[in-house]
Structures are given as structure tokens and as C-alpha cells.
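Participant: How does the following fold in three dimensions:
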Amino acid sequence: MIGLLRFFALAAAVVLLDQITKYWAVAFLEPHGSLTVLPGLLDLVCVRNRGVAFGLFNDGDRPWQAWVLGTFALVAMLLILRMVRQLPRRAWRSLLAFALIFGGAAGNLLDRVRLGEVIDFVYFYFRGWHWPAFNVADSAICIGVGLLLLDILKQERSVRDHVSDPISHR
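Facilitator: Have a look, this model is predicted:
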């Protein structure tokens with residue numbers, strides 16, 4: 001029970017931070033343009049993304065697109081809840097990772113439901129290289145996925161070490 005409370009508290013914190021920063025981006029950046037944070041590396045801009053991650057499928061005006069993408073996010077969130085309920089009590093890294101992913105998906109889903117698009121505002125670039133704009137929710141999702149991958153790699157290494165240890169077979 002405490003694990004689920006922590007899960008929802010962290011997910012809610014991600015959603016809150018995401019929505020506050022998006023509100024600021026629309027209120028401040030949209031009317032005033034971009035804000036250079038680190039010249040030649042980082043700007044804050046207000047970009048409206050109707051597509052998916054990294055601006056994919058952002059070029060069309062498809063009225064059904066927000067609903068389809070929102071449905072995918074909702075299904076992913078339900079699957080995450082199911083996985084979280086099945087986690088062992090001591091799987092705090094996985095719980096943290098799933099909370100970040102869930103909160104990020106919820107933050108972007110709120111935008112899709114309210115606006116039909118997602119607000120992005122963090123824009124990295126270097127010389128001729130440009131990374132698509134993203135937001136706090138996207139960052140939380142990426143960090144959560146990274147934590148899950150590290151957890152999987154750690155588990156694989158633990159199993160491999162256990163199998164290769166001849167003493168453990170006695």
C-alpha cells in the first residue's frame with residue numbers, strides 16, 4: 001500500500017511540474033518568442049506538437065489524431081498500473097521508473113484532452129544538429145525508461161553471475 005502511495009505521489013508531482021512549466025511556456029514564451037538559456041546549445045521555445053515523440057506525425061491536421069494518441073497513452077497507463085500492482089515490495093527502482101513514465105504519460109495526455117496537442121518548450125541544438133523540442137513529461141518518460149533498462153541489465157548480470165559461480169550450484 002505504501003508503495004502505491006509513493007507511486008501516485010511521484011506521478012502526481014511529475015504531472016504538476018509538467019503542467020506548471022507548460023502553462024509558463026504558453027503564457028511567457030508563446031507571445032514573446034524564444035528565450036536563450038545557453039547560447040548555441042539551449043533555448044526555451046513554445047512548440048505545439050500534434051504528433052508523437054520527437055515531432056513525428058506533427059505535419060497534418062487530423063481531427064482523430066489527438067484521440068488515437070490519447071487512447072494509446074491511456075492504454076499504456078493502464079498497463080503500467082497493472083505491472084506496478086505485481087511488483088515485489090522491494091522493487092523500488094522499478095516503482096520509481098513506472099511512476100515517472102506514468103506521470104509523463106498523464107501530463108501529455110492532459111494536453112491532448114484539453115488542447116488536442118502537446119506543449120513542448122525545451123530545445124537543444126549544437127551547430128547543425130537540432131533535437132526536437134520536448135517537455136518535462138517527455139523527460140520523465142525517458143528517465144523512467146532508462147531506469148527500467150538499467151534494472152533489467154542489473155538483473156541479467158545478477159543471473160549471469162549466479163550461473164557462472166560454481167559454488168552456487170552445490
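
Participant: counting contacts, what elements does the helix or strand bottoming out on mean pLDDT in the chain pack onto?
Facilitator: Lowest by mean pLDDT, DSSP states H and E among the helices and strands of the chain is helix 136-164, with a mean of 84. Applying 3 or more Cβ pairs under 8 Å, 6 or more residues apart in numbering; DSSP states H and E, we find helix 136-164 packed against helix 2-24, helix 92-115, strand 118-126. Glycine gets a C-beta too; all of them are placed from N, C-alpha and C.

Participant: got these as JSON lines, with mean neighbour count, mean pLDDT and distance to residue 80 columns?
Facilitator: Shown next, in JSON lines, are these (neighbours: other Cβ atoms under 10 Å; pLDDT from 0 to 100; distance: least, Cβ to Cβ, whole Å):
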{"stretch": "helix 2-24", "mean neighbour count": "17", "mean pLDDT": "94", "distance to residue 80": "9"}
{"stretch": "helix 92-115", "mean neighbour count": "21", "mean pLDDT": "94", "distance to residue 80": "5"}
{"stretch": "strand 118-126", "mean neighbour count": "20", "mean pLDDT": "95", "distance to residue 80": "19"}
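
Participant: Kindly reformat those as TSV containing distance to residue 139.
Facilitator: TSV is the format used below for the helices and strands packed on helix 136-164 (distance: least, Cβ to Cβ, whole Å):
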stretch	distance to residue 139
helix 2-24	9
helix 92-115	7
strand 118-126	8
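
Participant: Out of those, which is closest to residue 37?
Facilitator: strand 118-126 (9.0 Å; Cβ to Cβ).

Participant: can I have that closest one written out in CSV, keeping just the CAs?
Facilitator: C-alpha atoms of strand 118-126 as CSV (Å, rounded to 0.1, in the frame of the first residue of the first chain):
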residue,chain,number,x,y,z
VAL,A,118,1.1,18.7,-26.5
ILE,A,119,3.1,21.8,-25.5
ASP,A,120,6.9,21.4,-25.9
PHE,A,121,9.4,24.0,-24.9
VAL,A,122,12.9,22.7,-24.2
TYR,A,123,15.0,23.0,-27.4
PHE,A,124,18.6,21.7,-27.6
TYR,A,125,20.8,22.3,-30.6
PHE,A,126,24.5,22.3,-31.5
